[in-house]
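Student: The sequence and its predicted three-dimensional model are supplied below.
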Amino acid sequence: MEKAIHIREPWSDRVSIVLIYIFLSIILLCVAYPLIYIVSSSFSSSAAVTSGRVWLFPVEPTWYGYQAVFQYPQIWTGYLNSIIYTVLGSIISVALTIMMAYPLSRKTFMSRKVLMWALLFAMLFSGGLIPYYLVIKSLHLLDTRWAMILPGALNIFSIIVAKTFFQSSIPNDLYEAAQLDGCNDTKFLTRIVLPLSKPVIAVLLLWAAVSNWNSYFNALIFLNSEHLYPLQLVLREILVMNNVSTNSITLSPEQLKQFEDMKTLLKYSVIVIASIPVLILYPFIQKYFVKGVMVGSIKE
Amino acid sequence: MFVRTVSLWRKNIYRHWQLYCIVALPVLFLITFNYVPMFGIQIAFKEFNPIQGIWHSPWVGGKQFEMFFDSPYFWPIIQNTLLLSVYALCIGTPAAILLALALNEVKNQRFKKIVQMFTYAPYFISTVVLVGMINIILSPTTGLYGQLSHLFGVDNVYDILGESKAFSSLYVWSGVWQETGYGAVIYLAALANVNPELYEASKIDGASRIQKIIHIDLPAIRPTIIVLLILAVGGLMSVGFEKVFLLQNMLNLSTSEVISTYVYKIGLVNTNYSFAVAVGLFNSVVGFILIFTTNVLARKYSHSSLF
């Protein structure tokens, strides 16, 4: 019979655990407060926000900030574009990842060593920004939706994670058994490997989706036309460059007076609106990302 | 020998032709978007002009590199880049380790979950939104920071956003706010794998909590720390473009211009391609050497390495 060892904690340990709890509580406060402040401000009146009366909870609760967001067409075009880029980009990216990782994980595939080195080298060394830009330009992808989807689709880190997963969780014997039953390489992928890899596919999809939704660099260098802009580029105009266009919002004379205040409030609301998709995915992200990080940390 | 290899290869292709078909498409992507750009590096040794194109522009040797090394921007940019990445590394890594070690001691699962949920969340906020939040909150007039300063009777509010001396701290500490929770996850995973018998043995031997952390927990996460450090040192020369570029303004440019933002401006804004490629190539080569050397050193002295 096993019995838990019970030793009374010395006082120094009790002090240290109290200190640890205090330390973590302070960290929790520091991280959570700015988030709460932004959300509360977005629901407050513009006067309360600009005069600094919002500290924790919304003051004079209103929807004006959100109404302003709804009347701002660029935000909605950006939203729609971001959804298109994110959905298509993530699916293509994960498909490519699996198509590369599966052959790499097969021991009898002779080219795997060469390919693996080619991937590692490409991860450590690159041609740099300008040659990359010139390639996209010569493929006539500049200022098209494809420039947002294709160039970043191959993610080497994801490939390594997927390959490690396939190798560690799908035994070689399974392939040999399937082969005896007349299963070929493609069927083995679709009938056996994919159904067994649902968790890792979920991780890869989430990974790709979050990074597609949040990135703005490719859009900055590849896109010129405003109607193709993803949300992050529209946000950059509003939040960072402080360009809020007046002509898109219909303003009455007294509203015009409050325009400057409204501009401030709009920023808070647009931050919340832009973060909603990631917020919805957050429970899944929490569940699967940790697993993904752990798969990725296993070395061959 | 050679003939044998070829015939082996041919047999392999014949046997696994489906695998070769499957891998063809991603390989095409790898070639197009990773390897073809590498041929563009030759622009660094040429005087690129768009009419003659990459292949037919005249060779000029190391002229672009000489221009870069002699330019008054050379040292400031290298300094800014290294300062930002070393500062971020020295604060960011210990912060994540500290958070993981502290969380590992917490027995109350609910408290642990809440702390993890909140500290993990900022990682998923986009860079644009993060910088937007920084601008809003730290605004000396309308922001939370300005309001607080007024509350404490400060009249001349120090403008953090427009002060070049404050840039590196602004960059690093906003990074700590955003990434510490995410960084801690990897260490927590390593800590979860510690054999519980070690803890029991240490308890019987009368080790205190602090001794337990130093002698069991830290050695347990040492390989993880080393692998992440190798990666970080390899990336010392490549401070990410996205956040620095957004935080830049005319007032802090003297400390906020780093290699990646400089390449962007010289190359894509001023379309001086050859010079920009030379700067970028210098950066890639130094980064490549850094990651290789740290990897060799790590393998030699600690037996954990990246490849």
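Tutor: Structure received.
Student: ok, now how distant is A:R236 from A:A274?
Tutor: Per CB to CB, to the nearest Å, A:R236 is found 11 Å from A:A274. Placement of C-beta: from N, CA and C, glycine included.
Student: Over to A:I22?
Tutor: Distance from A:I22 to A:A274, by CB to CB: 34 Å.
Student: Quick check on the two: which one has the bigger neighbour count.
Tutor: For the pair A:I22 and A:A274, the greater number of neighbours falls to A:A274 (28 against 10), based on other CB atoms under 10 Å in any protein chain shown.
Student: Which part of chain A gets nearest to chain B, residue-wise?
Tutor: In chain A, the residue that lies nearest chain B is A:P131 (2.5 Å; CB to the nearest CB).
Student: Are we agreed that that residue is in a helix?
Tutor: Yes - under DSSP: H, G, I helix; E, B strand; the rest coil, A:P131 falls within a helix.
Student: ok, now which ones touch the most centrally placed residue in chain B?
Tutor: Centrality entry for chain B: nearest residue to the mean C-alpha point is B:G235, 5.6 Å, by CA atoms, centre = their mean. Shown in contact with B:G235 (CB atoms under 8 Å, 6 or more residues apart in numbering or on different chains): B:85, B:287, B:291.
Student: Which residue is the nearest non-sequential neighbour of the first one?
Tutor: Pointing back at B:S85 there. B:L236 (4.6 Å; CB to CB, 6 or more residues apart in numbering or on different chains).
Student: likewise the second one?
Tutor: In space, B:G287 comes closest to B:M237 once its chain neighbours are excluded; the distance is 4.7 Å by CB to CB, 6+ apart.
Student: quick one: low-confidence parts of chain B?
Tutor: For chain B, applying pLDDT under 70 flags the ranges B:1, B:302-307.
Student: can you check the stretch 151-300 of chain A too?
Tutor: Low-confidence segments of the stretch 151-300 of chain A (pLDDT under 70): A:245-258, A:290-300.
Student: tell me which of the contacts of B:G235 is nearest to chain A?
Tutor: Checking the contacts of B:G235 against chain A by CB to the nearest CB gives B:I291 as the nearest, at 6.0 Å.
Student: That closest one in helix, strand or coil?
Tutor: Following three-state DSSP, B:I291 is assigned to helix.
Student: burial count for the residue nearest to it when sequence neighbours are not counted?
Tutor: Distance criterion CB to CB, 6+ apart; nearest residue to B:I291, sequence neighbours excluded, is B:G234 at 2.8 Å. By the criterion of other CB under 10 Å, B:G234 has 20 neighbours.
Student: Correct me if wrong: B:G234 contacts B:G287.
Tutor: Yes - counting by CB atoms under 8 Å, B:G287 is a contact partner of B:G234 at 6.1 Å.
Student: Are there residues contacting both of the two? Which ones?
Tutor: Common neighbours of B:G234 and B:G287, counting by CB under 8 Å, 6+ apart, are A:L124.
Student: need the next SSE after whatever helix or strand B:Q178 lives in, C-terminal direction.
Tutor: Assessed by DSSP states H and E, B:Q178 sits inside helix B:167-192. Using DSSP H and E, the helix or strand that follows helix B:167-192 in sequence is helix B:196-204.
Student: quick one, the longest helix anywhere in chain A and helix B:167-192 angle?
Tutor: The longest helix of chain A (DSSP state H) is helix A:259-296. Taking axes from the mean of the first three to the mean of the last three CA atoms, to 10 degrees, helix A:259-296 and helix B:167-192 form an angle of 40 degrees between their directions.
Student: Distance of B:P26 relative to A:A122?
Tutor: Using CB to CB, we find B:P26 at a distance of 12 Å from A:A122.
Student: who's more crowded, these two?
Tutor: Between B:P26 and A:A122, counting by other CB under 10 Å, B:P26 is the more crowded of the two (23 against 19).
Student: just checking, the more buried one touches A:M99?
Tutor: Yes - counting by CB under 8 Å, B:P26 sits close enough to A:M99 to count as a contact (5.0 Å).
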